[in-house]
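K.L.:
Next input, structure requested:
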Amino acid sequence: MRFGSWIILGVAALGLMTLSAEEAWAQQRKPPYFASITAGKARMRTGPGRNYPASWLYQRSDLPIRVIDIYGEWRKVQDPDGTEGWMQVNLLSDRRTAIVTGQIVELRAQPRSSAKVNWRAAPGVVGRISRCSDGWCYFDARGRGGYVEQGRIWGTDPNETVP
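P.N.:
Numbering: from 1, shown residues only. Now for the predicted structure:
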């Protein structure tokens, strides 16, 4: 076997290891849990298979979803509006995101209501979340971040702690 063939085999094996790690994450989680849509376009289906008709086409990566059931490589999910359906696991990520609900929210410099307001975010804005505790989450919408009250976003359980 030539040296170039070994490189190709090595790259292929690395790709398989990456896929296996992603599948391992998906298999280890027990529902319900939050995840996000990783693909720019993702179809929600009426059942767990490509033979089921698509009920929605999501064109918004990072949209938070709640995984509520598992069937093989398919996940039954619920979107922020409460719509339920099935998505392939490879369309999902463990990246934690949230969406602003209700009214405009204030993103604060510290996790308290008296802290300085850094930014404001309108309903429907999606951002990545981290450091959720004591009813506050750090919410970052494309580099504009701050602490938001956990009850003002959808993508975490009430009083959930996110490391």
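K.L.:
now Val100: how far from Val126?
P.N.:
To Val126, Val100 is 8 Å away according to CB to CB, to the nearest Å. From N, CA and C alone the C-beta is placed, and that goes for glycine too.
K.L.:
no no, Tyr138
P.N.:
According to CB to CB, Tyr138 stands 15 Å off from Val126.
K.L.:
What is the neighbour count of Leu57?
P.N.:
9 (other CB atoms under 10 Å).
K.L.:
got it, and the one 5 residues further on?
P.N.:
Residues near Asp62, counting by other CB under 10 Å, number 19.
K.L.:
which of Tyr138 and Val126 has more neighbours?
P.N.:
Neighbour count, other CB under 10 Å: between Tyr138 and Val126, Val126 has more, with 23 against 19.
K.L.:
Who are the contact partners of the more buried one?
P.N.:
With contact set as CB atoms under 8 Å, 6 or more residues apart in numbering, Val126 has these partners: Arg60, Asp62, Leu63, Pro64, Thr97, Ala98, Ile99, Val100, Ala141.
K.L.:
Let's have these in CSV, adding pLDDT.
P.N.:
Formatted as CSV, the contacts of Val126 follow (pLDDT from 0 to 100):
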residue, pLDDT
Arg60, 91
Asp62, 96
Leu63, 97
Pro64, 98
Thr97, 98
Ala98, 98
Ile99, 98
Val100, 98
Ala141, 96
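K.L.:
who wins for neighbours among those?
P.N.:
Neighbour counts for the contacts of Val126 (other CB under 10 Å) peak at Ala98, which has 28 neighbours.
K.L.:
Test my guess that it contacts Val125.
P.N.:
No: in this structure, Ala98 is not within contact of Val125 by CB atoms under 8 Å, at 9.3 Å.
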